[in-house]
Structure formats: structure tokens, C-alpha cells
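*Asks:* Give me a model of this one.
(2 chains)
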Protein chains: 2
Amino acid sequence: MLFFTQCFGAVLDLIHLRFQHYKAKRVFSAAGQLVCVVNPTHSLKYAPTRCAAVQASSEQGTLPPCHHHEAVHDPQLVPCTCPLFSCPWEGHLEVAVSHLRQTHRINILQGAEIVFLATDMHLPAPTDWIIMHSCLGHQFLLVLRKQEKYEGHPQFFATMMLIGTPSQADNFTYRLELNRNQRRLKWEATPRSILECVDSVISDGDCLVLNTSLAQLFSDNGSLAIGIAITTSKVHSSEAEM
Amino acid sequence: MLFFTQCFGAVLDLIHLRFQHYKAKRVFSAAGQLVCVVNPTHSLKYAPTRCAAVQASSEQGTLPPCHHHEAVHDPQLVPCTCPLFSCPWEGHLEVAVSHLRQTHRINILQGAEIVFLATDMHLPAPTDWIIMHSCLGHQFLLVLRKQEKYEGHPQFFATMMLIGTPSQADNFTYRLELNRNQRRLKWEATPRSILECVDSVISDGDCLVLNTSLAQLFSDNGSLAIGIAITTSKVHSSEAEM
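*Replies:* Numbering: from 1, shown residues only, chains lettered A, B, ... in the order given. As a prediction, the model looks like this:
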């Protein structure tokens, strides 16, 4: 009996996911655009200044610091960049992607333009929605975070980090786009390097920021569809020309 | 002596305005785009629910209500729509623009695309920056407001209202664009009718919302340049097509 109940539940989940996928495709025009349903993860190791927390624990000899390379024994090694867990791993940047995939089970998607469909937006903060995005020969980490920067007022923060160095990151521009109910919001910026620590990018507010009311206007049945595009940096030409 | 000091002050102000104007033109590419320097006004009559406040005072027989037409004696008459002052004026929608210009001294600008350069962003909330924009045969009211929705955390809210009816407003799309430091933020939506009361649009958060940190990233020497464009509604075709 339990088996049948579980089967029925799984089928319902599949139908629900399929329905969400269909709706996201309706909103984002390009026919062949890949829609990825991303489920939330409750941040287990989240603290307002996680970098400081990581640094503090590194002083106790357990973890390497975030973005404080002088304290890492081998300067070629980087700490684990997973925004969800404090993890003692350190290794070369080239193998950071496989560590994130295998140890932290973060999905990776291919394609220049994808749709990130974050489910269950109503879950309490702190919550993260994360995928990796493989594009133009590099891997990027997309982080959507629900966080209470001001107590009692959760906000959503979305940013894209290159799994690479800051100078490599300068070669790209990413765009996040919300589009629903005759409203459209676009954020374009240079991705930050994963070495800069996603927590500090979010605490600086240098990313797409949504109040709960705006997030509700853009979300559909508790899911928020974010169109993502990455290009090589020639987008801000209007600024450069002047 | 005082005369010379005042003259010198005036010349300095002019140089400062000219410099801001030049900088705004640098950021926004189109050669002939009109840049309008908008000075702040401290909201004299601001209250978190001004509509309710206006309604309360109307119950005392002093003011017509905001968006509660059943209480207006002549249904053809609308109350003053100035977001800055509680004003006892009421009149036909057709003469609302001349009332706003003459009584409340709100500037009006012509052109499909203009740059709104709000100065002195550091001033404490509540503060408003307001202009009218004449375009495509209609007049629009652009409101940028600094407000503490959550105490101690001022935010910036920008919206565009048509000085016309809601059904007329449905024919247009407005775009607000911030562009600086290799970052770009665009908000596109259908303007709301001025009859809907700007305070409720802002309290609903159905507008461009900026945290102080994002506003600082986009502002230059205390001034925020917002590119404004208005088109007739065919922009959201990607949504309609599906």
C-alpha cells in the first residue's frame, strides 16, 4: 500500500514539474531554450558574514579561508566554493567544477541561453537555488538566494559567478531576465569570480535584488523563471564609446 | 560684498549642473537625447498610506479622495494628482497637467527618450524627484521616491503614471534604464493611470525598486541618471506570441 502511495506521489511530482516546465517555456520565447527546474536547498552553513565565519574556522585549523589566499599553504589551491556547505575541500580551480558536481550534487547545464525555474519561492529564508551553467568554454555558478538582510524582510538576490579567475571573468557579461504580466526586469553585469565569495557579492547588493512583492509579481504558482544569457564582453559598448 | 558672494555661488551652481549634464550624456549614448536635471523635493504631505490619509481628510469635508470616485460630487472631476502636496484642487483630467505645471511647478519635457538626472540622492527619506514627460500625444508623470518602507532602510522607487484613464494607460509601455560601471538594470511595464494613486503603486512595490547599495552603484557623485523611453504597447510580444 505504501509502495502505491509513493508511486502515486512520484507521478504527481512529475506532472507538476512537467507543468512548470511548460509554463516557463511559454514565458520565454526562444523555441529551443532549455528550461531547468531548480529545487531549493536550505542553507546549512549560512551566516550573514560567512566569509568571516569560514575565516574564523580556518584560524582553528579546520578550513581554508574564502578569498584570503595568503593563508592557503599552496597558492595554487582554492577552497571549496559551494555556497551551501562549509566544506574542508581544497584543490586546483580546474577540478572545482567536478568537486561541486560530485560532492555537492550541483547540476550542470549546457547552452548559451537557459531558463532557470526556481520552485517553492515561499520557503523561509535562508534558502538557495543553485545550478552550474556551462557556456563559451567556461563554467558559471548561478546562485539565487532568499535572505533576510533586514530582519523580517526577506529579499531575493541573484548573481552569476565564473568558476575561474577575476581576469577571466572580465571577459564575459551575464544577463538575468524576468518577464511576466507585462512587466520585464533585466540585470546585466560582468560575472564575479568564484574566488571573490558569493556571500560578499550578495551582502554588497551588487546583483539582481528583488523585494518579496516584486518576486511575487514575477513568479507563477510559487515558481520564478529567470532567463539567463552569457556573452563575451562587448555589451557595454555604449558606455565605452563615449 | 554679499552680492559678489551670491554671484560666485550662482556661477559655481551653474558649472556643477553643466558638469552633471555632461556626465549624464556620457552614460546615455544617443547623441540628441535630452538630459533633464531634476532637483529633489522633500515630501511635505507624505505619509505611508497617503491615500488613506487623503480619504480621512475628505471625510472631514476638506479634500476629495484619491481613487475613490464615488465620493466625488461630479464623477467627471478628479482630485489633484500631485504626489508632493495634499491639495484641495479638483478638476477635469484634461486640465490636470496645467494645474500640476502652474500650481505645483512640475517641469514638463518633450521627446520619446529622455534622461532623468536626479540630484542629491543622499538626502534623507521621504524625498521625491518628479517631472512630467510629454510624448506620443500624452503626458506622463515620472516619480522617483526615496522612502523608508522598513524603518532605517531607505529604498528608491521609480514609476511612470499616465495622466489619463487606466484604459488609455494600457496602450503604452515605459522603460526605465540605469547604466553605469558595466552594470545595466532595465524595468519595463505598462504605466499606471494617475487615477490609481502613485502611493499605492509604490507601496505595492510594482515599480523599479533599488536598495541604497544598488542606487549607489548606479549613481555618480550623488546623482542618478535614469534613461526613460515610452512606446506604444507592442513590446511584450514574446509573451503574447506563446
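*Asks:* ends of stretch A:111-125, how far apart?
*Replies:* Taking Cα to Cα, to the nearest Å, stretch A:111-125 runs 30 Å from one end to the other.
*Asks:* List the buried residues in it.
*Replies:* For stretch A:111-125, a neighbour-count test (16 or more other Cβ atoms under 10 Å in any protein chain shown) marks A:G111, A:E113, A:I114, A:V115, A:F116, A:L117, A:A118, A:T119, A:M121, A:L123, A:A125 as buried. Bear in mind the C-beta positions are built from the backbone N, C-alpha and C, glycine included.
*Asks:* Can you tell me the element A:Q147 falls in?
*Replies:* strand A:138-150 (DSSP states H and E).
*Asks:* Could you pull up the mean pLDDT of that strand?
*Replies:* Averaged across strand A:138-150, the pLDDT comes to 91.
*Asks:* Adjacent strands (with direction) for it?
*Replies:* strand A:127-135 (antiparallel), strand A:153-162 (antiparallel) (DSSP bridges).
*Asks:* buried ones in the shortest one?
*Replies:* Of the residues in strand A:127-135, those scored as buried under the neighbour-count criterion (16+ other Cβ under 10 Å) are A:T127, A:D128, A:W129, A:I130, A:I131, A:M132, A:H133, A:S134, A:C135.
*Asks:* Can you tell me, leaving aside adjacent residues, what's nearest to the last one?
*Replies:* In space, not counting the residues next to it along the chain, A:C135 is nearest to A:I230; the distance is 4.8 Å by Cβ to Cβ, 6 or more residues apart in numbering or on different chains.
*Asks:* Please give me every residue in contact with the one you found.
*Replies:* Applying Cβ atoms under 8 Å, 6 or more residues apart in numbering or on different chains, we find A:I230 in contact with A:A112, A:H133, A:C135, A:L136, A:F140, A:M160, A:F172, A:T173, A:Y174, A:R175, A:P191.
*Asks:* in chain A, which ranges drop under the pLDDT threshold?
*Replies:* Counting by pLDDT under 70, chain A contains low-confidence ranges at A:1-33, A:43-75, A:84, A:234-242.
*Asks:* and if we set it to 80?
*Replies:* Applying pLDDT under 80 to chain A picks out residues A:1-34, A:42-89, A:93-94, A:104, A:112, A:234-242.
*Asks:* how about the strands in it?
*Replies:* Here chain A has its strands, by DSSP state E, at A:34-38, A:41-42, A:77-79, A:90-92, A:108-110, A:113-118, A:127-135, A:138-150, A:153-162, A:172-180, A:183-189, A:192-193, A:208-211, A:224-232.
*Asks:* packing partners for the second one?
*Replies:* In terms of contacts (3 or more Cβ pairs under 8 Å, 6 or more residues apart in numbering or on different chains; DSSP states H and E), strand A:41-42 is packed against strand A:127-135.
*Asks:* partner residues bridging the closest residue to A:H133 other than its chain neighbours?
*Replies:* In space, and not counting its chain neighbours, A:H133 is closest to A:F140: 4.5 Å by Cβ to Cβ, 6+ apart. Here A:F140 sits in beta bridges with A:H133, A:L162, going by DSSP bridges.
*Asks:* which ones are touching A:F140?
*Replies:* Contacts for A:F140 were tallied using Cβ under 8 Å, 6+ apart; they are A:M132, A:H133, A:S134, A:M160, A:M161, A:L162, A:I163, A:F172, A:Y174, A:P191, A:I230.
*Asks:* Nice, that's everything, thank you.
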